[in-house]
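Participant: Have a look at this prediction, sequence included:
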Amino acid sequence: MNLEFKAKRPREMFYVICLCVLSIFGMFVSTNLVDSYTWDKILFSLFTVIIIYQLYYMMAVETLKYSIDENGIEIIRFFGLKKTFIPQRDILGYLYKDTKISGVKLSGYSLANINYGKCFEDTIGLCKLFLTSSHNNFYIVTKDITYVISPADIDKFNEKLDKISSTVENFKRFPKQGKLELYKDKQFMIPFLLTSFLCIISVATPLALYGLNMLPQIMPLKFNSLFQPVLIGTGKQFASTQMFYGVGAMALLMCMYYATHFTAKFDKRSSYKYIYIALLVVVMVLIVQFRILYKYL
């Protein structure tokens, strides 16, 4: 018989809603106060991502529930549109803990009792969290990952869980040993090489145009939010400014490269996002650069 269990309702949901409202307010205030085309686009993009991020996890937590029967456990979100099924044959056992989960956060959302995403827990290893409470949680152990859930009706869920699995004692999963070889991973190398190439383009383009005397003597250096020039300089100054943005994108890429390597020690899939952050930034730099060049060359 299939039984559904609601997740505990976290009190922190009010704070998540407040953060969404503050983010929307911050986006409108910053885009109206900052009279710079580049920073206007950066702040607008940043706040848009933050708002979507908050709304996504707010909906995921609000619609979270668990279903259990003799075939396994299903974690349901977004009114059944997104599901994670854990087959009974894959469950090695479970643990019940009344302590707050700790470890290295790899991805997802975390705010007090709300923990949603992936982390490497100090004693259990790699975990996928679907938590709305920091206490009274079930750790469903499988071969590759541990799922951590927080049903509201603990006793009834535990009774049902005992029929398809058993508790495990002193379980520990260590990080995978061996040398990381991300250069062999296409999911990492393709965006990394593309980002590196675009960084080179962002630096080489203004340098080449200046070296070939293709830049006008007078070039705009700064624009307001309506893309109207507010600071004028020489072609050399323009080239230097644009190269500075390109070098900044390169520095960010290197930071994201090391962040990827650190995270990949625990979980490769969670590490790829850092390279895509660098890719997004350099694309924005190039869009602004090419728009200026298209208009003023």
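Facilitator: Cool, the structure landed.
Participant: Could I have the CA atoms of the helix or strand hosting L95 written out in PDB?
Facilitator: L95 is part of strand 91-97, with elements assigned from DSSP states H and E. Below are the C-alpha coordinates for strand 91-97, written out as PDB (Å, rounded to 0.1, in the frame of the first residue of the first chain):
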ATOM      1  CA  ILE A  91      18.400   0.700  -0.400                       C
ATOM      2  CA  LEU A  92      21.300  -0.700   1.700                       C
ATOM      3  CA  GLY A  93      19.700   0.500   4.900                       C
ATOM      4  CA  TYR A  94      18.700   3.600   6.800                       C
ATOM      5  CA  LEU A  95      19.800   5.700   9.800                       C
ATOM      6  CA  TYR A  96      17.700   7.900  12.000                       C
ATOM      7  CA  LYS A  97      19.500  11.000  13.500                       C
END
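Participant: ok, then the element right after it?
Facilitator: Following strand 91-97 in sequence order, the next helix or strand is strand 103-111 (DSSP H and E).
Participant: That next one packs against which elements?
Facilitator: Strand 103-111 sits against helix 37-62, strand 114-121, helix 268-296, with contacts defined as 3 or more C-beta pairs under 8 Å, 6 or more residues apart in numbering; DSSP states H and E. For every residue, glycine as well, the C-beta is placed using N, CA and C.
Participant: quick one: pLDDT of V247?
Facilitator: Looking at V247, its pLDDT is 94.
Participant: check which helix or strand covers it.
Facilitator: Here V247, judged by DSSP H and E, is contained in helix 235-264.
Participant: buried stuff in that helix?
Facilitator: Neighbour counts over helix 235-264 (16 or more other C-beta atoms under 10 Å) mark 235, 237-239, 241-243, 245-246, 249-250, 252-253, 256-257, 259-260, 263-264 as buried.
Participant: From E159, how far out is the nearest residue to K268 once chain neighbours are set aside?
Facilitator: Leaving aside its sequence neighbours, K268 sits nearest to D185 (C-beta to C-beta, 6 or more residues apart in numbering; 7.0 Å). Relative to E159, D185 is positioned 43 Å away (C-beta to C-beta, to the nearest Å).
Participant: Burial check on L286, number of neighbours?
Facilitator: Per other C-beta atoms under 10 Å, the neighbour tally for L286 reads 19.
Participant: Can you verify my assumption that it contacts F197?
Facilitator: No - L286 lies out of contact with F197 (C-beta atoms under 8 Å); the separation is 10.8 Å.
Participant: Return the residues in contact with the closest residue to K105 other than its chain neighbours.
Facilitator: Excluding the flanking residues, the one nearest K105 by C-beta to C-beta, 6+ apart is C119, at 5.0 Å. Residues near C119 by C-beta atoms under 8 Å, 6 or more residues apart in numbering: 101, 103-106, 108, 126-127, 129.
Participant: How about Y210?
Facilitator: 235-236, 238-239.
Participant: In what element of secondary structure is it found?
Facilitator: helix 186-211.
Participant: Likewise for Y147?
Facilitator: Secondary structure (DSSP H and E) places Y147 in strand 146-149.
Participant: In terms of secondary structure, what does the helix or strand that that strand is followed by contact?
Facilitator: Next helix or strand after strand 146-149 toward the C-terminus (DSSP H and E): helix 154-161. Judged by 3+ C-beta pairs under 8 Å, 6+ apart, helix 154-161 is in contact with strand 3-6, strand 65-69, strand 137-142.
Participant: by how many degrees do helix 154-161 and strand 65-69 diverge?
Facilitator: Interaxial angle, helix 154-161 versus strand 65-69 (axes from the mean of the first three to the mean of the last three C-alpha atoms, to 10 degrees): 40 degrees.
Participant: Could you list the residues in contact with helix 154-161?
Facilitator: 3, 5, 66, 68, 73, 94, 96, 136, 138, 151.
Participant: What residues sit buried inside it?
Facilitator: Buried residues in helix 154-161 (16+ other C-beta under 10 Å): 154, 157, 160-161.
Participant: Generate TSV for those residues, with distance to L221 as supplementary columns.
Facilitator: Formatted as TSV, these follow (distance: C-beta to C-beta, whole Å):
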residue	distance to L221
I154	63
F157	63
K160	67
L161	64
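Participant: Farthest pair within those residues?
Facilitator: Put simply, by C-beta to C-beta the two of those set farthest apart are I154 and K160, 11.1 Å from each other.
Participant: Are we agreed that I86 is in a strand?
Facilitator: Yes - membership of I86 in a strand is supported by DSSP: H, G, I helix; E, B strand; the rest coil.
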